[in-house]
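Peer 1: Structure, please.
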Amino acid sequence: MSDTLIVDKKGHIAVITMNNPPANTWTVSSLNQLVSMIEALNQDEQIYSLVLKSSNEKFFCAGADLNLFADSDRTIARDMARSFGEAFEALSQFRGVSIAAINGWAMGGGLEVALACDLRVAEEHVQMALPEAKVGLLPCAGGTQNLTMLVGEGWAKRMILCGERVTAPKALDIGLIEEMVPSGKSLERAMEMAEQVGEQSPKAVAACKQLIQSNRTRHWNQGYMLERELFVDLFHTQDQKEGVNAFLSKRKAEWKNR
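Peer 2: The predicted structure is shown next:
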């Protein structure tokens, strides 16, 4: 198994480390590995959240290796686009909560993998961009869609059509990230947020995430109906009974993810 991605489990938190020096570029192999990791974590009832981080102090991730596209090979382009899409969609559909700890430059597919996470924490020196059009390409791993949903059409066009790079303060201002922290503190803060997730019922969190993300493809009225259905479905879980009774007994709930 390649070590370009490393997964460690710390209690109810899975930490995935991108480890492909010098800039953590993605390959078909590492993208496929990400899919396998997410599938395995989805089956692990003890994992409630996921933190994505970099082993590199300068780069969070620089995206794809452009050497792959130098010969204009459409077969390679098609394979890479499919692999990127499958990997980052799998990350987006992770059962629990995913948090990107952005400690360095996040460019192209490096920003797209952060966009596929539920939450983003970036260090104050970080810069982010989707510069694919500068080399005759476009973001093909969800970037055009996820960025627009987060920051709106105007800023998505500035970043993609004008190639504008944003700093961490600007990213916070436009809603690209949820929190900015001092340099060296992104992992610590991401882990704190992951611990907060563990205080909630994992079954309830998974249902809430499904509802929030359903707004991307469903009409509001369908979302309202699904919300009521999933609320009732939680009464089939052990965690629902545990949560309510723990609150009434003034004790901390002990979640089983069942």
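Peer 1: the strands in the stretch 1-150 of the chain, which residues?
Peer 2: 5-10, 13-18, 49-54, 59-61, 97-102, 105-107, 119-123, 127-129 (DSSP state E, counting those that start in this stretch).
Peer 1: Make a markdown table from these and add mean neighbour count to it.
Peer 2: (Each C-beta comes from the backbone N, C-alpha and C, glycine too.) What follows is these, written out as a markdown table (neighbours: other CB atoms under 10 Å):
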| stretch | mean neighbour count |
| --- | --- |
| strand 5-10 | 14 |
| strand 13-18 | 22 |
| strand 49-54 | 26 |
| strand 59-61 | 26 |
| strand 97-102 | 29 |
| strand 105-107 | 26 |
| strand 119-123 | 25 |
| strand 127-129 | 21 |
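Peer 1: Any idea which of those strands gets closest to residue 40?
Peer 2: For those, the distance to residue 40 is smallest for strand 5-10, at 8.2 Å, taking CB to CB.
Peer 1: List the contacts of the closest one.
Peer 2: 14-19, 30, 33-34, 37, 41, 44, 46-47, 55, 191 (CB atoms under 8 Å, 6 or more residues apart in numbering).
Peer 1: Just the closest of those residues to residue 117, please.
Peer 2: residue 16 (10.4 Å).
Peer 1: What residues does that closest one make contact with?
Peer 2: Per CB under 8 Å, 6+ apart, neighbours of residue 16: 5, 6, 7, 34, 37, 50, 51, 52, 53.
Peer 1: For this protein, which residue occupies the most central location?
Peer 2: The centroid of the chain falls nearest to residue 117 when counting by CA atoms, centre = their mean (1.3 Å).
Peer 1: was I right about that residue contacting residue 96?
Peer 2: No: in this structure, residue 117 is not within contact of residue 96 by CB atoms under 8 Å, at 11.2 Å.
Peer 1: Can you work out which residues contact both of these two?
Peer 2: Joint contacts of residue 117 and residue 96 (CB under 8 Å, 6+ apart) do not exist.
Peer 1: Look up how far residue 155 lies from the closest residue to residue 91 other than its chain neighbours.
Peer 2: What sits nearest to residue 91 in space, not counting adjacent residues and going by CB to CB, 6 or more residues apart in numbering, is residue 116, at 4.4 Å. Using CB to CB, to the nearest Å, residue 116 is found at 18 Å from residue 155.
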